[in-house]
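Engineer: Please find the sequence and the predicted model below.
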Amino acid sequence: MKRIKAIYPGSFDPPTNGHLDLIERGSKIFDELVVAILRNPEKDPLFSVSDRRKMLEAMTSAFDNVAVDTFDGLTVDYALRVEATAILRGIRAVSDYEYELQMALMNRKLQPGLETVFMMPAEKYSYLSSRLVREVAQLGGSIECLVPDLVAQKLREKMDVAHKFENGEKTAVKPSPDAKSKSRRKKAT
Ligand code: PNS
């Protein structure tokens, strides 16, 4: 019987409960799902790729058919390399649609054999994005219920380091500044 392998590509900086919700849904409809973290040298992320990988591995350890990997270059090339036939992406609201449609159609143009499958996370996560989580955490707001506990803990550690740095503690290392908001129309991930 044909097994369907999908990739779920993204930045995951940091992974949120919305991502986890989508991973759980994806794991139910695909035989295999690879959560693929983009290694993007142009972005200045809050968390290193290795930190994001560790967080996602811990978050998805209960799902037998979910793996975590990293990639660079084109998503379609990565999908072919790992022999996936589908790309999973989440659509939270109408505002995501235009960007996602553009990306799905470009990916189809590049690789007609690959299908993009859109899934909707639970409504309670429809406002949730990694960008907003970073902003709320950086400004001292509560991020409980938005991200898994282990991610909240990592965010608190980052914010403590930033706080110490701002207070002039020389041993503290300044965390990377947040990625600049895109001038292009791009959904908040
Ligand atoms: O979580 P994000 O930031 O919305 O994920 C965007 C991502 C990683 C899926 C997208 O930027 C991507 O696919 N980048 C890889 C480069 C690529 O394939 N570009 C052409 C996309 S049409």
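Structural biologist: That came in fine, so what should we check first? Residues are numbered from 1 along each chain as shown.

Engineer: what are the ranges of the strands in this structure?
Structural biologist: Assigned by DSSP state E, the chain shows strands spanning 5-10, 32-38, 66-71, 86-90, 115-119.

Engineer: In TSV: these, plus mean pLDDT.
Structural biologist: Output for the strands of the chain, formatted as TSV (pLDDT from 0 to 100):
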stretch	mean pLDDT
strand 5-10	98
strand 32-38	98
strand 66-71	98
strand 86-90	98
strand 115-119	98
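
Engineer: Residue 44 is nearest to which of the ones you listed?
Structural biologist: With respect to residue 44, and counting by CB to CB, the nearest of those is strand 32-38 at 13.6 Å. C-betas here are computed from N, CA, C, even on glycine.

Engineer: The closest one vs the ligand: in contact?
Structural biologist: Yes. Using CB under 6 Å from any ligand atom, strand 32-38 reaches the ligand at residue 38.

Engineer: what angle separates that strand from strand 5-10?
Structural biologist: 30 degrees (axes from the mean of the first three to the mean of the last three CA atoms, to 10 degrees).

Engineer: and this structure, which of its residues are near the ligand?
Structural biologist: 9-11, 38, 74-75, 103, 106-107, 189.

Engineer: Figure out how far stretch 42-53 is from the centre of its chain.
Structural biologist: Offset of stretch 42-53 from its chain centre (CA atoms, centre = their mean, to the nearest Å): 10 Å.
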